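What would the 3D arrangement of this be:
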Amino acid sequence: MKPLPLAALALLVGSGCSPREGGSAPAHAVAQYTIDQFYDNTSFRGLSLSHDASKVLVSSDKSGIYNAYAVPAAGGEPQRLTNSSSDAIFALSYFPADDRVLFARDSGGNELTHIWVRNQDGSTRDLTPGKKLKAQFLGWAADDKSFFYGSNQRDPKFFDVYEMTVDNFRPALVYKNTKGLDVGAISRDKRWFALSKPNTTSDADIYLLDRKSGAMKLVTPHTGDILVQPIDFTPDGSALVFASDSGREFRGLRSYDLSKGTSAPLLQLDWDIVGGGFTHDGRYLVVSLDENSTPRYKVYDARTMAPVALPGFPDMAVVDMTFGLGDSTYALLATPGDAPLDVYIGSTGAAPRRIATGLNPQIVRADLVVPKVVTFKSYDSLAIPGVLYLPHQASSSAKAPGLVLVHGGPGGQATVHYSALAQFLVNHGYVVFDINNRGSSGYGKSFDKMDDRKHGEADLGDVVASKRLLVGTGVVDSAKIGIIGGSYGGYMVLAALTLQPDAFKAGVDLFGISNWVRTLNSIPPWWESFRKALYAEMGDPKTDSARLYRISPLFNADKIKAPLMVLQGANDPRVLQRESDEIVAAAKKNGVPVEYIVFPDEGHGFVKKENEKKGYQAVLVFLDKYLKGAAPTSAN
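Next comes the predicted model:
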């Protein structure tokens, strides 16, 4: 699907909705798998190549909770490097010259991450100690002798930048953040810092700090809404590369000449460029892009900007890519969407090889579903994209229940990726549509802004209208359509059940907002630089309280008539547990079936396998009872 201007997008007819020619029966009998089998899959995230490219560092939940692992480049069983059984550990990077490892760890999902080191003898040490601080890894210095990190230990609202040497682990303050700016890139000579200032979710500024003179300069002056993002400084230190949607719907790359003080286009693609950077030795520029709800990576010659054709590069969703020292070997995390991410290693001269797979060998891959990107016409004829999962066993003669899945945000996106929960539900006979309602990212800045201060209204209209897409597949029972979502998607579940109570037959809310006034007044202090942008999109609780009250499910809970299930982490700093406590109590007053699970050791999102198994098995039982079955809609 090529990107379309908003006017053309509004005329696009829904497509790709017919699962099989004539709704015929599936080609093979599909085995149904248990939640234990799905969570015996292994998840991988994060990538770093060792100094000799003999190992790939990843985070994996193979142990039941995320720990750091080393995957041998030659293949073989991943080696577990950390041994946490309580707090999730996320690998950050190998050291440039040895096999020491940096990793991040919080406490019970509270998001107060610290940076730790794992030494080669297996011992670990917290490099950023403190009870209430949050630390964020910002990358290695060009000489490989130190790394940068952000910390809010001085002021909970703002992240200062520190440099820590690897010989004695002594931190030095190199940027005191008193203006609420975020560090986006640091030049290789350490002289220049690119600082970003989010104004709204669709408008930002970039400032250039000269550490030699102390001068700070706005390098992206503009009028109107322009979204900019620092990417990296060129290896020779002559220019800053940044992403910008100036004059276009999608973000391209521009180059700002440090000596001349001027910028010029560098790379324009048909979709948003969302990240990137120069490789260690400066040979390549690697960019990540959001191509029609599918994450992709492209590589360019850093000197000429000519595309680099990597042999055998996979045509699938690539969610992470990193080059090692010498710029010849790279690692990937990739999937077509029907199985967990696999780890690949390749080079500029050889096709990538899969060195670790996440799929449980008990599961036949052909029984899972490759999701497809489709569109449909919403209530006002605007074309709304999303990702559709069709069970192999569904047909016109054996219609299935349907689920609308709503992503987090606001401003998040449904993408082609592996979702254990979605595949589990699809495997058990549910058609799932992961919707990109208006306001989602990835489809141009006009589309992105279409729900600003219209949440619970314009976007909810798309969610309700998407039922027509499900029915239009020819394999969904129109009387059995429910809704499920997490975080902002959880809010949309609650909004649907309170503001359009006849739209869905059941709802599953995963840590969703029920009271916007309170949530916007209690966002974590480390979101301070984003507070203004969030208020611009959602509304300021001091001046927009009437509208926020109107769209808050808690204050409309007497309208709930469909069965409701709620899952919540007790340590969630973004959506506080009382958000769920109160909506559950209010819904119960209506006499509707309500089920509630609180995980005492989880935060915003669930990362422990046992909790996911318990919670998502309960979700299936709930849906089978109230959506697939013919259960009464009043409490027993």
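
For the stretch 351-500 of the chain, just list every one of the strands.
With DSSP state E, counting those that start in this stretch as the definition, the stretch 351-500 of the chain shows strands at residue ranges 372-377, 383-389, 400-406, 431-435, 476-486.

Make sure K55 is actually in contact with A68.
No. K55 sits out of contact with A68 when judged by Cβ atoms under 8 Å, with a separation of 11.3 Å. Using the backbone N, CA and C atoms, a C-beta is placed for each residue, glycine as well.

more crowded one of those two?
Here K55 and A68 are set side by side on neighbour count (other Cβ atoms under 10 Å), and the busier one is A68, at 29 against 24.

what bridges to the more buried one?
For A68, the beta-bridge partners are S59 (DSSP bridges).

dump the residue contacts of it.
57-59, 80-82, 89-91, 101, 103, 118 (Cβ atoms under 8 Å, 6 or more residues apart in numbering).

can you pull the contacts of the residue nearest to S85 when sequence neighbours are not counted?
In space, not counting the residues next to it along the chain, S85 is nearest to I65; the distance is 6.4 Å by Cβ to Cβ, 6 or more residues apart in numbering. For I65, the contacting residues are 84-89, 607-609, by Cβ under 8 Å, 6+ apart.

picking that back up, which of the contacts of A68 ranks first by neighbour count?
For those, neighbours tallied by other Cβ under 10 Å; top is V58, 29 neighbours.

Check whether that one really touches A91, as I assumed.
Yes. Under the criterion of Cβ under 8 Å, V58 lies in contact with A91, with a separation of 6.2 Å.

Spit out the residues that contact those two alike.
Counting by Cβ under 8 Å, 6+ apart, the shared contacts of V58 and A91 are 46, 68-69.

Mind checking the pLDDT average for stretch 230-245?
If you average the pLDDT over stretch 230-245, you get 98.

Report the buried residues of it.
Applying a neighbour-count criterion of 16 or more other Cβ atoms under 10 Å, the buried positions in stretch 230-245 are 230-235, 239-245.

quick revisit: with distance to A31 added, can I get the shared contacts of V58 and A91 in a markdown table?
Conversion of those to a markdown table gives the following (distance: Cβ to Cβ, whole Å):
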| residue | distance to A31 |
| --- | --- |
| G46 | 32 |
| A68 | 33 |
| Y69 | 29 |
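
any idea which of the residues you listed is the one closest to R531?
Compare each of the shared contacts of V58 and A91 with R531 using Cβ to Cβ and the shortest gap goes to G46, at 27.9 Å.

show me what contacts the closest one?
For G46, the set of contacting residues under the criterion of Cβ under 8 Å, 6+ apart consists of 57-59, 90-92, 320.

Please apply the same query to V566.
Taking Cβ under 8 Å, 6+ apart, one finds 508-510, 512, 580, 583-584, 594-597 in contact with V566.

now the residues you listed as JSON lines including distance to S347 and neighbour count?
Rendered in JSON lines, the data for the contacts of V566 read as follows (distance: Cβ to Cβ, whole Å; neighbours: other Cβ atoms under 10 Å):
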{"residue": "V508", "distance to S347": "44", "neighbour count": "32"}
{"residue": "D509", "distance to S347": "46", "neighbour count": "32"}
{"residue": "L510", "distance to S347": "41", "neighbour count": "25"}
{"residue": "G512", "distance to S347": "45", "neighbour count": "28"}
{"residue": "S580", "distance to S347": "49", "neighbour count": "27"}
{"residue": "I583", "distance to S347": "52", "neighbour count": "29"}
{"residue": "V584", "distance to S347": "53", "neighbour count": "20"}
{"residue": "V594", "distance to S347": "55", "neighbour count": "19"}
{"residue": "E595", "distance to S347": "51", "neighbour count": "17"}
{"residue": "Y596", "distance to S347": "51", "neighbour count": "17"}
{"residue": "I597", "distance to S347": "47", "neighbour count": "14"}
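
Please identify which of the residues you listed is nearest to M538.
Looking at those and their distance to M538, the nearest is G512, at 14.2 Å (Cβ to Cβ).

so what's that closest one closest to, chain neighbours aside?
On the basis of Cβ to Cβ, 6+ apart, the spatially nearest residue to G512 that is not a chain neighbour turns out to be G490, at 2.0 Å.

Let me see the contact set for the one you found.
By Cβ under 8 Å, 6+ apart, the contact list for G490 reads 509-513, 575.

Sort out which of those are in helices and list them.
Nothing among the contacts of G490 maps onto helices, per DSSP state H.

Return the closest of the shared contacts of V58 and A91 with respect to D160.
D160 has its nearest neighbour among the shared contacts of V58 and A91 in G46, at 24.3 Å by Cβ to Cβ.
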